[in-house]
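Enquirer: Sharing a model that was predicted from the sequence below.
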Amino acid sequence: MASTAATAALSIIKSTGGAAVTRSSRASFLPITSTAVSARRLGFSAVVDSRFSVHVASKVQSVRGKGTRGVITMAKKSVGDLTSADLKGKKVFVRADLNVPLDDNQNITDDTRIRAAIPTIKFLIENGAKVILSTHLGRPKGVTPKFSLTPLVPRLSELLGIEVVKADDCIGPEVESLVASLPEGGVLLLENVRFYKEEEKNEPEFAKKLASLADLYVNDAFGTAHRAHASTEGVTKFLKPSVAGFLLQKELDYLVGAVSNPKRPFAAIVGGSKVSSKIGVIESLLEKCDILLLGGGMIFTFYKAQGLSVGSSLVEEDKLELATSLLAKAKARGVSLLLPTDVVIADKFAPDANSKIVPASAIPDGWMGLDIGPDSVKTFNEALDTTQTVIWNGPMGVFEFEKFAQGTEAVANKLAELSKKGVTTIIGGGDSVAAVEKVGVAGVMSHISTGGGASLELLEGKVLPVPSPSPSSPVKLALAMAMAASIIQSSPLSFNSNNGKLQIHSSGSLGGIKLQNRVSPLGLSSGLGSRRQSLLICHSAINAKCSEGQTQTVTRESPTITQAPVHSKEKSPSLDDGGDGFPPRDDGDGGGGGGGGGNWSGGFFFFGFLAFLGLLKDKEGEEDYRGSRRR
Ligand SMILES: Nc1ncnc2c1ncn2[C@@H]1O[C@H](COP(=O)(O)OP(=O)(O)OP(=O)(O)O)[C@@H](O)[C@H]1O
Ligand SMILES: O=C(O)[C@H](O)COP(=O)(O)O
């Protein structure tokens, strides 16, 4: 029964999209073994990559032997394990993440998350279920018309090929009567579940009311998988079975599975603005990767920790010790940690700033580093050439400004090139997704995550509060796999810090290729001269894009990246559409992608003002979210 369902899932995912066919074709060269089937039943889709699934399945066997929880009771933890017999006539509560960006006229500017939700919904309606679809949109405080889900109905209907009915509420008598009149194969979209504050508070009574609408529960909201809210976690206490949807499963396959059990050498590229927002990710990846490449604003904290002068670059003064300890940890673990050797510096934080390329050890006072330099790109590329798996989170520079986008774009292009050679490339959500989209190479990556905050938490090794109807949720199982896999030893390179100088040593060959020792010792310099004011401007400008409106993809620290900023209707980054299997494709229709936070669209005159608004909003949102995360 389960394998029939898995086949059905397979055919749905294969049904459209050339990319998926490519992946499946590759898989078809490999023998389909009983372990592959069991892997599928256990929640790891063989569609993703049969080699991976077979490998995972063997891990399952070994884990099973050790009596690890969660393996034996996984028979029906994915929607693909449900059959027509399970679904026909049944009311299924589907929690999706349809938190898509809307412009000022309520037009969807990026429908990726809607497209990503389609396979699960289609599977359910094709099997005769009555789908009660729930999502949040933005972070409304109470009922807020601009966060109504009404604008989503036409696109949902179009993609599903049926007329989706929308309720004006998500609980109550009106909803109950709409559910009662829902035909088999019908879809009822509930109004924004965050119109009730009880949602984010995960209040059991509210969860119970939601649950009372349905017979079973499917969570496919990967983007919200790190939130323990009533519709994501609370309902599972009242609805059995509670299973993962195809998108959630697919994200886990890559973000947990591939990272925990990667083809080696395994490189992680971590960038972004601040080291503080990536501590967990870096620490977690240091446990697993062979090579760690660092870029973005965070590198200046590392430089400064090494005693280098960083001008007015972004520095987190309170994270200097942390940076030093991360370097030491890399060294202790034998991970090859590469910091850029040269940087592109600017005389102000602006797209038209004067710029020049300097060694990382020679940043003059009054200048700030906004991108990695060409020598670093070359070094990074050489390191990446040795890899079999690469995960990337966070841009290498201020890629929103053309002048400082080259490092980030070079990484995107390199990963695209590697993907075509069969290297597994995973983009962990957020701004890196925007960058990949901007370069136009999203379609060739192995996996692009639909979740910013959720993917970060997964990469940090956290257990997400998604369907856990039993001690054996897919997420927990996946993490059990990760632990089992962590015994695999790598043959890493080393990082050395000599006499206060930064130096990367190659300690032999990696993947048959010797890494050149291109990262030269860096000279010490004094006069740290950090300029708080400049840094503030820098921060502010970055935050400006979080200016207003609904949430979209988030960082853990700054969770309100929303629609394209300042009246922009620019295309947001395209994410894995989920509807057409792996790897993600770019079908060219409908708005590109979501979850990535939107491209920078100009409006620089308003930086200060927007920054102020953004910061205020972030502050406001943060207060709520500190409490609501992982309740
Ligand atoms: N050298 C730099 N100085 C200042 N800001 C930088 C620098 N390099 C990159 N950034 C900024 O970092 C921001 C992205 O940081 P963030 O930590 O949010 O990355 P991300 O992980 O991709 O996003 P998310 O957390 O949403 O997944 C970009 O807006 C970029 O402009
Ligand atoms: O956009 C996102 O990343 C998700 O929809 C989660 O949104 P939230 O940060 O408002 O919970």
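Expert: All right, it came through fine. Numbering: from 1, shown residues only. Ligands and ions are numbered 1, 2, ... in the order given.
Enquirer: alpha carbons only for contacts and neighbour counts from here, please
Expert: Fine.
Enquirer: is it true that Phe402 touches Ala350?
Expert: No Phe there; residue 402 is Glu. No. Contact criterion CA atoms under 8 Å: Glu402 and Ala350 do not qualify, at 10.1 Å.
Enquirer: low-confidence ranges in this protein?
Expert: 1-76, 466-631 (pLDDT under 70).
Enquirer: 80 instead, please
Expert: The chain contains residues with pLDDT under 80 at 1-76, 258, 429-430, 464-631.
Enquirer: Show me what from it comes close to ligand 1.
Expert: With CA under 6 Å from any ligand atom as the criterion, the chain meets ligand 1 at residues 272-274, 296-297, 314, 369-371, 393-400, 429-432, 452, 542, 553-555.
Enquirer: which residues touch Val94?
Expert: Going by CA atoms under 8 Å, 6 or more residues apart in numbering, Val94 touches Ile121, Val131, Ile132, Leu133, Ser134, Tyr217, Val218, Asn219, Asp220.
Enquirer: In helices, which of these appear?
Expert: The helices, defined by DSSP state H, take in Ile121 from the contacts of Val94.
Enquirer: which of the contacts of Val94 lies closest to Lys146?
Expert: The shortest approach to Lys146 among these belongs to Ser134, at 17.1 Å (CA to CA).
Enquirer: Bridged to that closest one, which residues?
Expert: Counting by DSSP bridges, Ser134 is bridged to Arg95.
Enquirer: Let's see which of the residues of the chain next to ligand 1 end up in strands.
Expert: Filtering the residues of the chain next to ligand 1 for membership in strands, criterion DSSP state E, returns Gly369, Leu370, Asp371, Asn393.
Enquirer: list the contacts for the first one?
Expert: Listed by CA under 8 Å, 6+ apart, the contact set of Gly369 reads Gly297, Phe300, Val310, Ser312, Ser313, Leu314, Val343, Val344, Ile345, Ala346, Ile363.
Enquirer: How about the first one: what's its closest non-neighbour residue?
Expert: In this structure, Gly297 finds its nearest non-sequential neighbour in Ser273, 4.4 Å apart by CA to CA, 6 or more residues apart in numbering.
Enquirer: Pretty sure Phe380 sits against Leu293.
Expert: Yes. At 7.0 Å, Phe380 and Leu293 qualify as touching, with contact defined as CA under 8 Å.
Enquirer: which of the two has more neighbours?
Expert: Ranked by neighbour count (other CA atoms under 10 Å), Phe380 and Leu293 place Phe380 first, with 25 against 21.
Enquirer: So Glu402 and Ala350 - more neighbours on which side?
Expert: Shown here are Glu402 and Ala350; by other CA under 10 Å, Ala350 has more neighbours (18 against 10).
Enquirer: So what does Leu337 look like in phi/psi?
Expert: phi -100, psi 120 (degrees, to the nearest 10).
Enquirer: and it, how many neighbours does it have?
Expert: 28.
Enquirer: partner residues bridging it?
Expert: Bridge pairing for Leu337 - DSSP bridges - gives Leu292.
Enquirer: which ones are touching Tyr217?
Expert: Val92, Phe93, Val94, Arg95, Val235, Thr236, Leu239, Lys240, Pro241, Ser242, Val243.
Enquirer: Which positions in the stretch 1-150 of the chain make contact with ligand 2?
Expert: Within the stretch 1-150 of the chain, the positions adjacent to ligand 2 are Asp97, Asn99, Gly138, Arg139 by CA under 6 Å from any ligand atom.
Enquirer: If you rank these by neighbours, which is first?
Expert: Counting by other CA under 10 Å, top hit in these: Asn99 with 30 neighbours.
Enquirer: so how far is Leu189 from that one?
Expert: 13 Å (CA to CA, to the nearest Å).
Enquirer: quick check, nearest of the contacts of Gly369 to ligand 2?
Expert: Taking CA to the nearest ligand atom as the measure, ligand 2 lies nearest Gly297 of those, at 21.7 Å.
Enquirer: my guess is that closest one contacts Gly397, does it?
Expert: Yes. At 6.7 Å, Gly297 and Gly397 qualify as touching, with contact defined as CA under 8 Å.
Enquirer: Give me the common contacts of those two.
Expert: Common neighbours of Gly297 and Gly397 (CA under 8 Å, 6+ apart) are Gly271, Gly272, Leu370.
Enquirer: give me the number of residues near Ser181?
Expert: For Ser181, using other CA under 10 Å, the count is 12.
Enquirer: and it, what does it touch?
Expert: Listed by CA under 8 Å, 6+ apart, the contact set of Ser181 is empty.
Enquirer: 10 Å - rerun?
Expert: Contacts here follow CA atoms under 10 Å, 6 or more residues apart in numbering; on that basis Ser181 touches Lys130, Val175, Leu188.
Enquirer: Out of the residues you listed, grab the one that's most surrounded.
Expert: Neighbour counts for those peak at Lys130, which has 29 neighbours (criterion: other CA under 10 Å).
Enquirer: so what's that residue bridging to?
Expert: Beta-bridge pairing for Lys130 (DSSP bridges): Lys91.
Enquirer: looking at it, it is touching Glu184, isn't it?
Expert: Yes. Using CA atoms under 10 Å, Lys130 is in contact with Glu184, at 5.0 Å.
Enquirer: okay, and the common contacts of the two?
Expert: Leu87, Lys88, Gly89, Lys90, Lys91, Leu124.
Enquirer: Can you convert those residues into a markdown table and add a column each for distance to Lys319?
Expert: Below are these laid out as a markdown table (distance: CA to CA, whole Å):
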| residue | distance to Lys319 |
| --- | --- |
| Leu87 | 52 |
| Lys88 | 56 |
| Gly89 | 56 |
| Lys90 | 53 |
| Lys91 | 51 |
| Leu124 | 48 |
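Enquirer: Among the residues you listed, which one sits closest to Val165?
Expert: Of those, the one sitting nearest to Val165 (CA to CA) turns out to be Lys91, at 14.6 Å.
Enquirer: State the number of residues packed around Gly422.
Expert: Gly422, neighbours per other CA under 10 Å, totals 12.
Enquirer: Can you give me the distance of Gln249 to Ala117?
Expert: 12 Å.
Enquirer: same question, Val100
Expert: Look at Val100 and Ala117: by CA to CA, they are 12 Å apart.
Enquirer: okay, and the common contacts of these two?
Expert: Common neighbours of Val100 and Ala117 (CA under 10 Å, 6+ apart) do not exist.
Enquirer: before we move on, back to that, return the members of the residues of the chain next to ligand 1 classed as buried.
Expert: Using 16 or more other CA atoms under 10 Å as the burial test, the residues of the chain next to ligand 1 include 272-274, 296-297, 314, 369-371, 393-400, 429-432, 452, 542, 553-555 as buried.
Enquirer: you'd agree Thr379 is up against Leu338?
Expert: Yes. Contact criterion CA under 10 Å: Thr379 and Leu338 qualify, at 8.5 Å.
Enquirer: More neighbours: which of these two?
Expert: Applying other CA under 10 Å to Thr379 and Leu338 shows that Leu338 carries more neighbours, namely 25 against 21.
Enquirer: circling back: looks like the residue nearest to Gly297 contacts Leu294 (just checking).
Expert: No. Ser273 is beyond contact range of Leu294, at 11.2 Å (criterion: CA under 10 Å).
Enquirer: Pick out the residue of the stretch 301-450 of the chain closest to ligand 2.
Expert: Proximity of the stretch 301-450 of the chain to ligand 2 (CA to the nearest ligand atom) peaks at Thr450, 7.9 Å away.
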